[in-house]
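Undergrad: the following comprises the amino acid sequence and a computationally predicted model.
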2 protein chains.
Amino acid sequence: MSDALTFEIHTRLDGALARTGTITTPHGTIETPAFIPVGTKATLKSLTPEQLEGVGAQAVLANAYHLYLRPGSDILDQAGGLNAFMNWNKPTFTDSGGFQVMSLGVGFKKVIDMDGSVSEKPLTKKERLAWIDNEGVTFKSHLDGSKHRFTPEVSMQIQHQIGADITFAFDELTTLHDSYEYQVESLNERTHPWAERSLAEHKRLNIERSHRPPQALFGVVQGANYEDLRRECSRFLGAMDFDGFGLGGALAKKNIGEIVSWMCEELPEDKPRHMLGISEPDDIFACIENGADTFDCVSPARVGRNGALYTRDGRRNITNAKYRNDFTPFDSECDCYTCLHYTSAYLHHLFKSDELLSNTLATIHNERFIIKLVDDIRASIADASFYTFKQSFLDRYYAK
Amino acid sequence: MSDALTFEIHTRLDGALARTGTITTPHGTIETPAFIPVGTKATLKSLTPEQLEGVGAQAVLANAYHLYLRPGSDILDQAGGLNAFMNWNKPTFTDSGGFQVMSLGVGFKKVIDMDGSVSEKPLTKKERLAWIDNEGVTFKSHLDGSKHRFTPEVSMQIQHQIGADITFAFDELTTLHDSYEYQVESLNERTHPWAERSLAEHKRLNIERSHRPPQALFGVVQGANYEDLRRECSRFLGAMDFDGFGLGGALAKKNIGEIVSWMCEELPEDKPRHMLGISEPDDIFACIENGADTFDCVSPARVGRNGALYTRDGRRNITNAKYRNDFTPFDSECDCYTCLHYTSAYLHHLFKSDELLSNTLATIHNERFIIKLVDDIRASIADASFYTFKQSFLDRYYAK
């Protein structure tokens, strides 16, 4: 662990891998478990930083790939880093860009903009936008088709220019459709050596750029749905000098908790673990129970902008006609700005009229809902009521 | 004057019709002259009410036509009125809907959504969406083509359901292309009798709906560019029991100040005058100098969303490449949230990336700029520095 990050564990849940803790970074602390909203392009869409703070966000995660292409990571560097650029004074994360550059082209057309919908569709050779070799990835920009190349070193240089508190090692994104043999080759030829190269370049940059706050680096565990590969990768990365770990790549929802447990049983216990791209309540409970400390996901904001709002009884669509003359708060159990100040009828009107304020009010509600859920889970670990809370929450949320 | 509104004049400018004053309504006061932002559909687009208050807005103006069609003025009534519906606790205005229903169809295709661009283009008979007779206007909804009819009575019933503090009488919108004979007929057959009918219905509704705060009614002066008609209409309406007056209809920019003076010389001095649809700095100075007290316009928000931001040196487009790496505030003389917390480089990035926050930050800046300009004009009347301030502001703003 470097001087960029410390992690203190407060409580452990009996018979499980869940724990509460505090991550300390140069821009402040994160009480874990914590949900981290995504601000892909150094902005959480319709929210100001003050509104984001108002929903209880302890940190934000931005995407290196997007910021590299626009405005350019050099611009963020000149601005004094991500915090100064976007007027956010709490901790920040960036991902490595690996997910974005590879999802463009390795046979599957996945999400490009993290805010778009995820689809998997085989690409023809002509449509391919990324080519992987053991040194790195060459890809075409989704903005203008221009050619670029990311290597572990380039990813770290970009992430240091952006200047987030917590960065991620460059890894290869595999999919559940890749063969076991491909997964083995990917770990041995790319994800493991790339982790070593990322760490070396990161350490060099922390020294070279000592005028800036030190940054932390998380290694990212891959291995898809294979227990032996997940455990092997966790041991390999766990032996290295990372500040924490990303739990990454493809995993099947049906046994997500089990897969997380394979990794967390092997990883060093005293370092934080970040789960990439998770926000469904059942997944959140499963991942925390099995040792994940932080999460990020675009989904609460994205589905909110489409009118799908969380309630304790599951997601509801505010454009439903029954809300037209419902003059009560959308969720009377919610403490967010939206539910405290507006009725369902007003939200319904904003959505039916395509008014910009609909994005703001829906995003505030959904981010608050998920952040508060994770806050409540944290409290339930601290007072040993986790299993009771989990049962009652999930029974009601997923009741038919 | 009714118990719905009082107007106190504080200072008069020597040799001109300009004055400072205070309008008092059931939802608070407005220090005049004042710029009133437009929240067409009971929302100022990308801003929360708190952000709107933060830019110094003293009141908002909503459009009866839009709210009648969606969500329906009955919904606003059930919600407890416009203030409760949109979570705004300061004074409110609604226009009569006349501008919108008539601009749809009397031979000119003008703005339908107040946020669209204004164009004048003769319509064919088939394209027509509105038909005027001496009793009212029949029109088709721009949303679904359904047929509706507004009369002075209907307009007042809608405006009372919406429940704004200040409402406007239903009048006929004429254009500069209409003949003198048509303007005379319009005043005598429609605008004058409709003012009488609006006032009678308004008084009846204030009594019938005494469970709600009393509302004020402004008569709207028409007469296009004709001095005799503007003066005659002002005297006619001025003799009636209105709480104030709207300075409405078509007028040529080149002699806007003169036309305002014709009206304000005839109107009772002790009642407030609202100028509809004005926000250009030179127009604002001309109208205030000649007796207008309040203004509304969608333009600051609309042009802001397109990246055109006001400065003391005129409007600048933030998407200009020179702002890409400009790490200073966009307007170092501005005290708005945007200029105090963000650089031009960040705003440029948000606009180039089509990020939602661009709307919020640009709207905050532009609304603040125009509100502060009118606040500064108010102060310059109070301390008799109006002419000096006007000269220095306009010289710099319009310098080539």
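TA: On my side now, so go ahead.
Undergrad: and A:Trp141, how many neighbours?
TA: In this structure residue A:141 is Ser, not Trp. 16 (other CB atoms under 10 Å in any protein chain shown). From N, CA and C alone the C-beta is placed, and that goes for glycine too.
Undergrad: which non-adjacent residue is nearest it?
TA: The shortest distance from A:Ser141 to any non-neighbouring residue, by CB to CB, 6 or more residues apart in numbering or on different chains, is to A:Leu69 (5.4 Å).
Undergrad: repeat that for A:Pro213.
TA: Closest to A:Pro213 by CB to CB, 6+ apart is A:Pro26, at 3.6 Å.
Undergrad: tell me the pLDDT at that neighbour?
TA: With respect to pLDDT, A:Pro26 has a value of 97.
Undergrad: A:Ile9 versus that one, what's the distance?
TA: When CB to CB, to the nearest Å is applied, the distance between A:Pro26 and A:Ile9 equals 21 Å.
Undergrad: before we move on, the earlier item: surely the residue nearest to A:Ser141 and A:Phe139 touch.
TA: No. Assessed by CB atoms under 8 Å, A:Leu69 is found out of contact with A:Phe139, at 10.3 Å.
Undergrad: more neighbours: which of those two?
TA: Shown here are A:Leu69 and A:Phe139; by other CB under 10 Å, A:Phe139 has more neighbours (25 against 20).
Undergrad: nearest to chain B: which residue in the stretch 101-250 of chain A?
TA: Chain B sits closest to A:Leu143 of the stretch 101-250 of chain A, with a gap of 9.6 Å, by CB to the nearest CB.
Undergrad: which element is that residue on?
TA: Using DSSP states H and E, A:Leu143 sits within no helix or strand.
Undergrad: point out where the stretch 51-200 of chain A drops to low pLDDT.
TA: A:104-127 (pLDDT under 70).
Undergrad: who in it is up against chain B?
TA: Residues of the stretch 51-200 of chain A lying close to chain B by CB under 8 Å from any CB of the partner chain are A:70-71, A:75, A:78-80, A:85-87.
Undergrad: regarding A:Leu347, what is its secondary structure?
TA: helix (DSSP: H, G, I helix; E, B strand; the rest coil).
Undergrad: residues in contact with it?
TA: A:309, A:318, A:323, A:330, A:338, A:358, A:361-362 (CB atoms under 8 Å, 6 or more residues apart in numbering or on different chains).
Undergrad: make it 7 Å
TA: Residues near A:Leu347 by CB atoms under 7 Å, 6 or more residues apart in numbering or on different chains: A:318, A:330, A:358, A:361.
Undergrad: got CSV for those residues, with distance to A:Arg273, secondary structure and neighbour count too?
TA: Shown next, in CSV, are the contacts of A:Leu347 (distance: CB to CB, whole Å; DSSP: H, G, I helix; E, B strand; the rest coil; neighbours: other CB atoms under 10 Å in any protein chain shown):
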residue, distance to A:Arg273, secondary structure, neighbour count
A:Ile318, 35, coil, 25
A:Phe330, 34, coil, 25
A:Ser358, 35, helix, 25
A:Leu361, 33, helix, 29
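Undergrad: in these, find the pair that's most separated.
TA: A:Phe330 and A:Ser358 (12.1 Å; CB to CB).
Undergrad: tilt between the helix or strand containing A:Thr363 and helix B:357-382?
TA: If you go by DSSP H and E, A:Thr363 is part of helix A:357-382. Angle of helix A:357-382 versus helix B:357-382, following axes from the mean of the first three to the mean of the last three CA atoms, to 10 degrees, is 110 degrees.
Undergrad: now do the helix or strand that helix A:357-382 is followed by against helix A:357-382, angle only.
TA: Once the chain leaves helix A:357-382, the next helix or strand it forms, by DSSP H and E, is helix A:386-397. Note on geometry: by the same axes, to 10 degrees, helix A:386-397 and helix A:357-382 are set 150 degrees apart in direction.
Undergrad: let me see the contact set for A:His10.
TA: A:20-21.
Undergrad: what helix or strand does it sit in?
TA: A:His10 belongs to strand A:6-12, assigned by DSSP H and E.
Undergrad: centre of the chain versus that strand, how much separation?
TA: Distance, stretch centre to chain centre, for strand A:6-12: 21 Å (CA atoms, centre = their mean, to the nearest Å).
Undergrad: just the CA atoms of it, as CSV, please.
TA: Extracted in CSV, the C-alpha atoms of strand A:6-12 (Å, rounded to 0.1, in the frame of the first residue of the first chain):
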residue,chain,number,x,y,z
THR,A,6,-5.1,3.7,3.3
PHE,A,7,-7.9,1.3,4.1
GLU,A,8,-9.1,0.6,7.7
ILE,A,9,-11.5,-2.2,8.4
HIS,A,10,-14.0,-1.6,11.2
THR,A,11,-16.4,-4.5,11.3
ARG,A,12,-16.5,-8.0,9.8
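Undergrad: give me the angle between it and helix A:357-382.
TA: Going by the same axes, to 10 degrees, strand A:6-12 makes 60 degrees with helix A:357-382.
Undergrad: quick check: next helix or strand after strand A:6-12?
TA: Using DSSP H and E, the first helix or strand after strand A:6-12 is strand A:19-25.
Undergrad: CA-only coordinates of the following helix or strand past that following strand, as CSV, when you get a sec.
TA: Per DSSP H and E, the first helix or strand lying C-terminal to strand A:19-25 is strand A:28-32. What follows is strand A:28-32, C-alpha atoms only, in CSV (Å, rounded to 0.1, in the frame of the first residue of the first chain):
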residue,chain,number,x,y,z
GLY,A,28,-11.0,12.6,1.5
THR,A,29,-12.5,9.4,2.7
ILE,A,30,-15.1,6.8,1.6
GLU,A,31,-17.0,4.8,4.1
THR,A,32,-17.4,1.3,2.7
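Undergrad: so what strands line up beside strand A:28-32?
TA: If you go by DSSP bridges, strand A:28-32 pairs up with strand A:19-25 (antiparallel).
Undergrad: who does A:Leu61 form a beta bridge with?
TA: Per DSSP bridges, the residues bridged to A:Leu61 are A:Val38, A:Phe93.
Undergrad: relative to A:Ser46, how far out is it?
TA: 17 Å.
Undergrad: of these two, who's got more company?
TA: Neighbour tally, A:Leu61 and A:Ser46, criterion other CB under 10 Å: the higher count belongs to A:Leu61, 27 against 24.
Undergrad: before we move on, the earlier item: and the helix holding A:Thr363, what does it pack against?
TA: The contact analysis (3 or more CB pairs under 7 Å, 6 or more residues apart in numbering or on different chains; DSSP states H and E) places helix A:357-382 against strand A:19-25, strand A:34-37, helix A:281-289, helix A:299-305, strand A:308-311, helix A:337-341, helix A:344-352, helix A:386-397.
Undergrad: can I get these in JSON lines with distance to A:Gln161?
TA: Listed next are these as JSON lines, based on distance: least, CB to CB, whole Å:
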{"stretch": "strand A:19-25", "distance to A:Gln161": "18"}
{"stretch": "strand A:34-37", "distance to A:Gln161": "21"}
{"stretch": "helix A:281-289", "distance to A:Gln161": "31"}
{"stretch": "helix A:299-305", "distance to A:Gln161": "25"}
{"stretch": "strand A:308-311", "distance to A:Gln161": "36"}
{"stretch": "helix A:337-341", "distance to A:Gln161": "34"}
{"stretch": "helix A:344-352", "distance to A:Gln161": "38"}
{"stretch": "helix A:386-397", "distance to A:Gln161": "40"}
